[in-house]
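In: any chance you could fold what I've pasted below:
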Amino acid sequence: MANAVGQSPFQYLVDIERRARQRAKGLPREEQVQEIWRGIAFRVGDTFLVSSITHVDRIMNCPSVLAKVPGAKTWIRGLANIRGILLPVIDLLACLSNKITSIENRSRLLIINQNGVYAGLLVDEVMGIKHFPEELLDTETPCQEAWVSPFNKGLFHYEQQTWVVFDMQVLTESNQFLNAAL
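Out: All right, here's what the predicted structure looks like:
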């Protein structure tokens, strides 16, 4: 250590800074930041889907009591009273492929509010929030499931599973979804 005697205060501080720089470890290398896509993962039939986390308001169990809607297509399972608000419950698989979803213990409702459409979509299972590296989004490979293809915004091939990116906004704009009356 240098002797502080005979040094001006400024020279002393310059000496401290020089010694600190000599002993300092370098800053960590700047690494590339990986962009992450977040979505709600769910299963409809044998198809694994994921929708943007911003497209799903809530997830809840399917109510045991649903009021029937006269004059509605069969995929409108009924109306549920959720905290005083009437919520149409729509069987997503039946709406898009005419196959009825049976309500099981793992069945859930994805509550959506897109384009002024507030509804609960009945799905077979919800796996929770999934995180995918954005560079893994495959927009070139076509979806193998014909019923989900019009709502497909890409695929994630991740952890030995293919996840179809399902766009709720496109669903709520489609005539197939909006034409619920017989």
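
In: longest helix in the protein, please.
Out: helix 9-23 (DSSP state H).

In: show me the contacts for the residue nearest the centre of the chain.
Out: Central residue of the chain (C-alpha atoms, centre = their mean): Gly39, 1.6 Å from the mean position. With contact set as C-beta atoms under 8 Å, 6 or more residues apart in numbering, Gly39 has these partners: 50-53, 129-130, 132, 163, 165. C-betas here are computed from N, CA, C, even on glycine.

In: inside strands: which ones of those?
Out: Counting by DSSP state E, the part of these found in strands is 50-52, 129-130, 132, 163, 165.

In: show me which of those is closest to Ser107.
Out: The closest of the ones in strands among the contacts of Gly39 to Ser107 turns out to be Ser51 (C-beta to C-beta; 16.8 Å).

In: what distance do you get for the closest residue to the closest one other than its chain neighbours to Asn98?
Out: Take Ser51 and drop its neighbours on the chain: the residue closest to it by C-beta to C-beta, 6 or more residues apart in numbering is Phe166, 4.9 Å away. Remark: distance between Phe166 and Asn98 (C-beta to C-beta, to the nearest Å) = 18 Å.

In: those two: who's more crowded?
Out: Set side by side, Phe166 and Asn98 show more neighbours around Phe166, with 26 against 12, by other C-beta atoms under 10 Å.

In: is that one in contact with Arg43, as I believe?
Out: No - with contacts counted by C-beta atoms under 8 Å, Phe166 stays clear of Arg43, the gap being 11.2 Å.

In: need the residues touching each of those two.
Out: With C-beta under 8 Å, 6+ apart as the test, Phe166 and Arg43 both reach Leu49.
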